[in-house]
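Novice: Let's see this in three dimensions:
(2 chains)
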Amino acid sequence: GAVVSQHPSWVICKSGTSVKIECRSLDFQATTMFWYRQFPKQSLMLMATSNEGSKATYEQGVEKDKFLINHASLTLSTLTVTSAHPEDSSFYICSARDGTDNTEAFFGQGTRLTVV
Amino acid sequence: KQEVTQIPAALSVPEGENLVLNCSFTDSAIYNLQWFRQDPGKGLTSLLLIQSSQREQTSGRLNASLDKSSGRSTLYIAASQPGDSATYLCALCNQAGTALIFGKGTTLSVSS
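Specialist: Numbering: from 1, shown residues only, chains lettered A, B, ... in the order given. Coordinates of the predicted model:
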């Protein structure tokens, strides 16, 4: 199957700093990528849909100014958590579909963010 | 609004047992449904994908079924092994190219 690479796998940062998470499709082009967040023992919740070359679409309740998404190329989307606070600590994971087979979704390894 | 429910939330079985994980959804107009495995602190591994026109898919010891009319999908695991211990997530999308909607998962523990 297609490969989605997410980096970093885990990060610890101080409250008030910003953290950037990268999501790359390694062997296919993805015009659309999705960013999810997962709190402990909870399901994955969609945060936003990242569209190559245009603005991301955010889900209700997700602050677009806090969670900046950039999808500058067909293989890379980034999520920046700005002015992170302890309540932003979570597991963030991205997903993409192979543009030639717009069915199966592939996921990155996820990023464990801890804000102290 | 589509909702996905997985029952049970947790399941413990001895090695060798056959088991069934259940997933239900409220809106039968789905595009496809996927089953994933998630190990603690890790990302998602896709297990099986069922298109809306299909009724089941098989891969090794895994078999997933889909009954859209009743809003149900099941994941059957044959001859369970300790290595099968993980959280199994059911997810679906309502339209082509849209994001997946996830259930909360079933955490499976297989003892040797």
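
Novice: Ranking helices and strands of chain A by mean pLDDT, which lands last?
Specialist: Least confident helix or strand, chain A: strand A:105-107 with a mean of 88, by mean pLDDT, DSSP states H and E.

Novice: What strands flank that one, and is each parallel or antiparallel?
Specialist: Applying DSSP bridges to the sheet, strand A:105-107 is found paired with strand A:90-97 (antiparallel).

Novice: What are the buried residues along the partner strand?
Specialist: A:90, A:91, A:92, A:93, A:94, A:95, A:96, A:97 (16 or more other Cβ atoms under 10 Å in any protein chain shown). Backbone N, C-alpha and C define where each C-beta goes, glycine included.

Novice: Now do that strand: everything it contacts.
Specialist: Strand A:90-97 is contacted from outside by A:2, A:4, A:6, A:21, A:23, A:25, A:28, A:30, A:32-39, A:44, A:47, A:77, A:79, A:81, A:103-113, B:41, B:43-44, B:97, B:99-100, using Cβ atoms under 8 Å, 6 or more residues apart in numbering or on different chains.

Novice: can we see that at 7 Å?
Specialist: Outside strand A:90-97, the residues within contact range by Cβ atoms under 7 Å, 6 or more residues apart in numbering or on different chains are A:4, A:6, A:21, A:23, A:25, A:30, A:32-39, A:44, A:77, A:79, A:103-108, A:110-113, B:43, B:97.

Novice: Can you turn the buried subset of the residues you listed into a selection I can paste into ChimeraX?
Specialist: Entered in ChimeraX, the line below selects the buried ones among these, by 16+ other Cβ under 10 Å:
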select /A:4,6,21,23,25,30,32,33,34,35,36,37,38,44,77,79,105,106,107,108,110,111,112,113 /B:43
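
Novice: I am finished for the moment; much appreciated.
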